[in-house]
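Student: sequence and predicted structure are below.
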Amino acid sequence: MIGCGARVGLALGAVLLATLASCAPTPHAARSAGSADTPAGASAGAEVRRAPEVRSATPAQVMAAVRAKGARIVLLNAWATWCVPCREEFPDLMRLEREDRARGLRLVLVSADFDSELPGVKRFLAEHRVDFVTYLKQGPDTPFIDTLDTRWSGALPATVLYDGRGRKLWFHEGKTSYDTLKTRVEAALAAPHAPGP
C-alpha cells in the first residue's frame, strides 16, 4: 500500500529496501542452504532449540510489552524472515541481548511476517536461540508504523530504543551495526533517566 505522501507499507518497504541492497526480497529465495537460516557461527547440523512463544500483537499490545515493568531500557526491532537485511542484522541483536540482559536490557522482537509464515518465524527464532516471548504484528500497517515512529517509511528492519518507562530515545530505519547498537544501549543504560529493574 502507498499512502500519506511517501509512506509505504511494511511489506512493500521491505521489498524496496531489499531491492536497493541487491538482495532477493521474496520469502523463500533468501533461504539458501547453510546461509540465512543458520545463525552466524553455527553449522548447518547444529542443534536447534525449541522456539519461544510467538504472540499475535496489535500496536497497543506491542507497546504494553515495551512498557512492562522490569527493564531499564527496551530495544524494539521490527523484522521479517523474508527481509534479507533483517536476517543479517539479527545475530547482532541477539548478541547484544545476551550481553546486556542482566544489566536491564529487554529486547522486543516484532515480526511483520504474514500469519501463514508463522512456522518459518518459529524455526528462525529457534535457530537463533531466542528464549523469550516474541510478537507477530497484527492489523493494518499504518497504525503500527505510526505507533513506533511517524518518520518511519515502513521499510524493514526498524529499531527503536526506549527507556524503562517507554519513552523513545532513538529510532533507526534500515539495517544497523552491532557497534551502533552497543553505543546506543550503553549510553541509555548509563543515563540517569533509566529506572532500575
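Tutor: Cool, got the structure. Residues are numbered from 1 along each chain as shown.
Student: give me the distance between the two termini of stretch 156-172.
Tutor: 10 Å (Cα to Cα, to the nearest Å).
Student: average pLDDT across that stretch?
Tutor: Taken as a whole, stretch 156-172 has a mean pLDDT of 96.
Student: over to stretch 67-74?
Tutor: 96.
Student: from the chain's centre, how far out does it sit?
Tutor: 16 Å (Cα atoms, centre = their mean, to the nearest Å).
Student: again with stretch 65-79
Tutor: 11 Å.
Student: so which bits of it are buried?
Tutor: Using 16 or more other Cβ atoms under 10 Å as the test for burial, stretch 65-79 gives Ala65, Val66, Ala71, Arg72, Ile73, Val74, Leu75, Leu76, Asn77, Ala78, Trp79. C-beta: built from backbone N, CA, C; applies to glycine.
Student: centroid-nearest residue for the protein?
Tutor: Asn77 (2.5 Å; Cα atoms, centre = their mean).
Student: which residue packs closest to Ala71, ignoring adjacent ones?
Tutor: Computed as Cβ to Cβ, 6 or more residues apart in numbering, the closest residue to Ala71 that is not its neighbour in sequence is Arg106, at 3.7 Å.
Student: what is the burial count for that neighbour?
Tutor: 21 (other Cβ atoms under 10 Å).
Student: give the contact list for the closest residue to Ala158 other than its chain neighbours.
Tutor: Spatial nearest neighbour of Ala158, excluding adjacent residues (Cβ to Cβ, 6+ apart): Ala78 at 4.5 Å. Remark: with contacts taken as Cβ atoms under 8 Å, 6 or more residues apart in numbering, Ala78 is in contact with Leu10, Val110, Ala112, Lys137, Phe144, Leu148, Leu156, Pro157, Ala158, Thr159.
Student: change it to 7 Å
Tutor: Ala78 sits next to Val110, Ala112, Leu148, Leu156, Pro157, Ala158 when contact means Cβ atoms under 7 Å, 6 or more residues apart in numbering.
Student: top of the residues you listed by neighbour count?
Tutor: Busiest of these [other Cβ under 10 Å] is Leu156, holding 29 neighbours.
Student: does that residue belong to a helix, a strand or coil?
Tutor: On the three-state scheme (DSSP: H, G, I helix; E, B strand; the rest coil), Leu156 is labelled coil.
Student: please renumber so the chain begins at 57
Tutor: Noted, 57 is the first residue going forward, which turns the last one into Leu212.
Student: one step back: next one: the residue nearest to Ala127 from Lys193, what distance?
Tutor: From Arg162 across to Lys193, the span is 18 Å (Cβ to Cβ, to the nearest Å).
Student: I appreciate the help and will end here.
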